[in-house]
Structure formats: structure tokens, C-alpha cells
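S.K.: Pasting the sequence and the predicted coordinates here, then a few questions.
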Amino acid sequence: MNKSPKKPETFIPHQQKAVRILTEIQKINKKYVSLVKPRIEKEISSLLNKNKPDEKALSLLSKLLKAPGVSNSISKEEVQSIENIIDEKLKKINYPRTDKLTLFLSGSGDLYWGSKKGHCYPVENGSIRYKILFILRNKDDFYPTKKLRDETNTKKTRSIRDSISHININAEKFLSISNTKSKKLIVSKIDSGYKINDLYNILKA
């Protein structure tokens with residue numbers, strides 16, 4: 001019995017772009033292997049400017065750089081340089097005209113921005129902290145503390161307050177978000193409750 005030919009794998013647009021850029025990066029790396037590092041970085045940066053990859057393509061490209069086979073053809077130092085370039089591109093995408101930094105909250109509990117590497121706060125999924133972030137991410141105005149208590153199944157107001165304090169401390173530690181009054185991730189207002197600072201957006205990853 002004849003087997004039907006295997007259908008070629010279909011890539012969606014951001015995957016096609018990420019793979020194409022990776023191929024070009026490998027060519028650049030091979031072409032300029034004997035030259036100084038800044039030349040290679042300049043060529044790669046120019047390549048990204050030309051292709052204008054979106055956020056999904058950049059994030060996928062970051063993963064592809066670490067894939068078996070690829071990591072053998074590009075040095076760790078070069079991968080790190082490319083990661084830095086990708087981070088800068090993502091900052092421009094996620095820190096747009098509104099001057100808001102966009103963060104992502106994954107189902108596994110990671111709060112991150114950029115390419116995730118170096119800017120990831122591991123929040124335990126199911127914890128009070130995770131629930132608070134998940135609830136507040138969609139609120140434009142201050143959200144009453146009592147409602148936060150009810151929706152997180154927390155009995156004491158102090159537990160909410162302590163959890164938010166820890167979120168802000170860890171946001172500074174893991175995400176480089178200042179814990180000062182005007183720049184902290186979650187801000188509060190007496191008799192009004194809490195909300196995500198207007199400087200930031202949190203989207204579901």
C-alpha cells in the first residue's frame with residue numbers, strides 16, 4: 001500500500017519571519033566570523049530593522065537561538081549579543097507612544113517583559129500574589145481592598161497589603177521596576193484600594 005506523501009510543515013507568518021531572520025543571522029555570523037564583534041552586531045541590528053519583526057517573531061527568534069544545532073553554529077557570546085539587540089527591539093515595541101511598559105503574565109506564573117531572559121519574576125500560580133496581579137491587570141481604576149480579599153479568598157486585609165508589598169519588592173528585583181512611590185508596579189490610595197501603576201500594562205501571555 002502506497003503511503004501518501006507527507007505534507008510540508010506550514011508556518012504562520014511570525015514563525016516564517018523568525019526562521020528567515022535566523023538563517024540570515026547565521027550567514028552574517030559566518031561571513032564576519034573573523035571581524036570584530038561590533039561589525040556583526042551592526043549587521044544583525046540592520047537586519048532586524050529591515051525585517052521589522054513583531055513581538056511574537058522576536059520572542060520565537062530568541063528561543064530558536066538556543067535550539068540544538070543552532071547553538072553549535074553561533075557562539076554563546078554572539079547569542080548574548082543578539083539577545084541584547086532583541087531586548088532593545090522589544091523595549092521599543094512594548095514601551096511605545098503611551099510610555100507604558102508592557103508586561104506579560106503567563107499561566108505558569110511568570111511575570112516578565114522583553115524576551116523574558118533577565119526580566120522575569122516567577123510568581124507562583126495560584127498564590128495570592130498571582131491572583132492579585134491577574135485581577136488588577138484589567139482594572140483601570142483603583143480596586144477596593146475588600147473585593148480583592150473576596151476574590152482571592154483572603155481573610156485579612158494585612159495579607160493583601162503584605163502580598164502587594166512583596167510584589168513591588170520582587171518587581172524591582174526581577175524586572176528592574178523601581179519600588180519608589182511614583183514608579184512601583186502596584187500603587188494604592190487610601191479608601192480606594194489598589195491598581196496597576198499607569199506606567200505599566202499587564203497582558204495575559
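M.R.: Here it is on my side, so go on. Residues are numbered from 1 along each chain as shown.

S.K.: Which parts of this structure are strands?
M.R.: Along the chain, counting by DSSP state E, strands occupy 101-105, 110-112, 120-122, 186-189, 193-196, 200-204.

S.K.: tell me the contacts of H119?
M.R.: Neighbouring residues of H119 by Cβ atoms under 8 Å, 6 or more residues apart in numbering: 87, 112-113, 174-176. All C-beta spots, glycine's among them, are computed from the backbone N, C-alpha and C.

S.K.: picking up where we left off before, got CSV for the strands of the chain, with distance to L22 too?
M.R.: What follows is these, written out as CSV (distance: least, Cβ to Cβ, whole Å):
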stretch, distance to L22
strand 101-105, 22
strand 110-112, 22
strand 120-122, 22
strand 186-189, 38
strand 193-196, 35
strand 200-204, 26
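
S.K.: any idea how the chain splits into domains?
M.R.: Domain segmentation of the chain under automatic domain parsing yields 13-94, 101-204.

S.K.: How far off centre is the first one?
M.R.: Shown here is domain 13-94, whose average C-alpha point lies 17 Å from the average C-alpha point of the whole chain (Cα atoms, centre = their mean, to the nearest Å).

S.K.: For the chain, give me the ranges with low pLDDT.
M.R.: By pLDDT under 70, the low-scoring segments of the chain are 1-12, 30-40, 71-73, 91-99.
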